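Peer 1: based on what follows, work out the 3D shape:
(one chain, ligands or ions: 2)
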Amino acid sequence: MSKLRIMSVFGTRPEAIKMAPLVKELASRDGIESLCCVTAQHRQMLDSVLDVFALKPDWDLDIMTPRQTLSTITSKCLLGMDEAINVLKPDMILVHGDTSTTFAGALSAFYHQVPVGHVEAGLRTYDKYSPFPEEMNRKLVSAIAELHFCPTESNRENLIREGIDKGLFVTGNTVIDALKTTVRSDYAFSTELLNRLDYQRKKVCLVTCHRRENYGEPMKNIMLALRQIAEENRDVELVYPVHLSPVVRDAADQYLRGAPRVHLIDPLPADEMHNLMARCYLVLTDSGGLQEEAPALGKPVLVLRRETERPEAVAAGTVALAGVVQDDIVTMATRLLQDRNAYQKMARAVNPYGDGNACGRIADAILWHFGLGERPADYRT
Ligand code: UD1
Ligand code: UDP
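Peer 2: Ligands and ions are numbered 1, 2, ... in the order given. This is a model prediction of the structure:
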């Protein structure tokens, strides 16, 4: 019997980190041929992940341009996907999360009448413009997908409330599967600065910030807050791997460069980043992925946004919303830096996002969908 051709489509750094273990899991299954199509919505940041996880795409649309617009990304992906689908002839297409690649990948699959599996399904803020455009991308993909791989039970409940009641699986988040392969207690950094930092005597704060809805005033407020935190706390070392988006790099240069104890560095390879997170004191971020990874590693997170689609770790008490107002961010960070009790309350390892076996459940669910295996049991926290 011929193998099922399952094509994973992704294009940005976070999708790649979260799809890499799945592409490999699918490849390990006898009944599946695991294909990989990258849009390269991110070029350098994607290639870095492909390197770390030793993945070789079967197809590369190579669409990235500097300061690309949402319309350019979507239209280039759609045009490129036509040929990829016609040549690779997948039986199912997997997309991940909520980027423009995700939306265009799902839409293209639909145009070719290829069923879609949505990995990391059911996250919602119910605010159309925040995160922008991700909230709408998720909803549109949910309308197209045949299979919905929800990281948590509450993600599944979101979809049920929207009338989506078939093809739902609670799997855990594949990012925890990825973390299991990258984090090691004896890890030696290849980034010189990370070897030099004194993780015992200094409070190393890991920062990332890149979201489109934070462009402009919110990003300025965030960066001025970070500057103030570093200036006011002599025991802090603030490490900020700056996203390659020119908008973000311009803001970091304008508001943070030259500040004491602030290290602006290039994006880190995923294994360096995960091991830095495992050793740092505190995470300040507007990233989605970091909100899932840091709790699993026992690191408190201040979210530099007004809302989050990941309420589970907030409920568990290890993630808090700091917002985008300078004073609020400074107040919350100062408390965690100076009040030992407040810090200890948040610094507990919790795993609401998975047990590291999400990819196995997703592969089982796909085989089940095609009548080739048992339905996997849902992941329970
Ligand atoms: C995208 C996703 C966002 C995700 C983020 C992860 C959309 C609309 N947004 O946002 O959901 O959280 O990725 O990081 O899909 N650039 C490079 N090299 C790279 C990557 C980016 O030079 O390797 C620069 C380019 O100038 C590019 C710009 O960054 O035009 C913005 O990239 P883009 O993918 O459009 O948006 P992100 O903000 O990265
Ligand atoms: N990450 C990385 N290097 C960096 C910054 C982030 O490898 O310099 C990883 C991070 O650990 C997480 C993912 O990239 O796995 C998150 O990506 P990003 O913040 O770009 O996007 P989001 O998750 O917000 O969509």
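Peer 1: can you name the residues in contact with stretch 323-341?
Peer 2: 203, 205, 214, 218, 221-222, 224-226, 228-229, 232-233, 235-236, 281-282, 284, 300, 302, 304-306, 320, 322, 342-343, 346 (Cβ atoms under 8 Å, 6 or more residues apart in numbering). C-beta: built from backbone N, CA, C; applies to glycine.
Peer 1: among these, name the ones in helices.
Peer 2: The helices, defined by DSSP state H, take in 218, 221, 222, 224, 225, 226, 228, 229, 232, 342, 343, 346 from the contacts of stretch 323-341.
Peer 1: now the buried members of the contacts of stretch 323-341.
Peer 2: Buried members of the contacts of stretch 323-341, counted by 16 or more other Cβ atoms under 10 Å: 203, 205, 214, 218, 221-222, 224-226, 228-229, 233, 236, 281-282, 284, 300, 302, 304-306, 320, 322, 343, 346.
Peer 1: now do the contacts for the residue in the stretch 251-381 of the chain that ligand 1 sits nearest to.
Peer 2: Nearest to ligand 1 in the stretch 251-381 of the chain, going by Cβ to the nearest ligand atom, is residue 288, at a distance of 6.3 Å. Residues near residue 288 by Cβ under 8 Å, 6+ apart: 14, 97, 131, 309, 310.
Peer 1: please report how far it lies from residue 16.
Peer 2: 14 Å (Cβ to Cβ, to the nearest Å).
Peer 1: strands of the chain, residue ranges please.
Peer 2: Along the chain, the segments classed as strands by DSSP state E run 4-10, 32-38, 59-60, 92-96, 116-119, 147-150, 168-170, 203-208, 236-241, 262-265, 282-285, 301-303, 319-321.
Peer 1: what's the neighbour count on residue 259?
Peer 2: Per other Cβ atoms under 10 Å, the neighbour tally for residue 259 reads 18.
Peer 1: ok, the residue lying closest to it once chain neighbours are set aside - contacts?
Peer 2: Once flanking residues are discounted, residue 259 sits nearest to residue 227: 4.7 Å by Cβ to Cβ, 6 or more residues apart in numbering. Contacts for residue 227 were tallied using Cβ under 8 Å, 6+ apart; they are 255, 256, 259, 262.
Peer 1: of those residues, grab the buried ones for ChimeraX.
Peer 2: To isolate the buried members of the contacts of residue 227 in ChimeraX, using 16+ other Cβ under 10 Å:
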select :255,256,259,262
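Peer 1: which non-adjacent residue is nearest the residue of the chain most remote from its centre?
Peer 2: In terms of distance from the mean C-alpha position of the chain, residue 1 ranks first, at 36.2 Å (Cα atoms, centre = their mean). For residue 1, ignoring the flanking residues on the chain, the nearest one in space by Cβ to Cβ, 6+ apart is residue 31 at 7.9 Å.
Peer 1: how many residues are close by the one you found?
Peer 2: Neighbourhood size, residue 31 [other Cβ under 10 Å]: 16.
Peer 1: quick check: it touching residue 6?
Peer 2: No - the pair residue 31 / residue 6 is not scored as a contact, 9.8 Å apart, by Cβ atoms under 8 Å.
Peer 1: near ligand 1, which residues of the stretch 201-350 of the chain?
Peer 2: Within the stretch 201-350 of the chain, the positions adjacent to ligand 1 are 210, 212, 244, 245, 246 by Cβ under 6 Å from any ligand atom.
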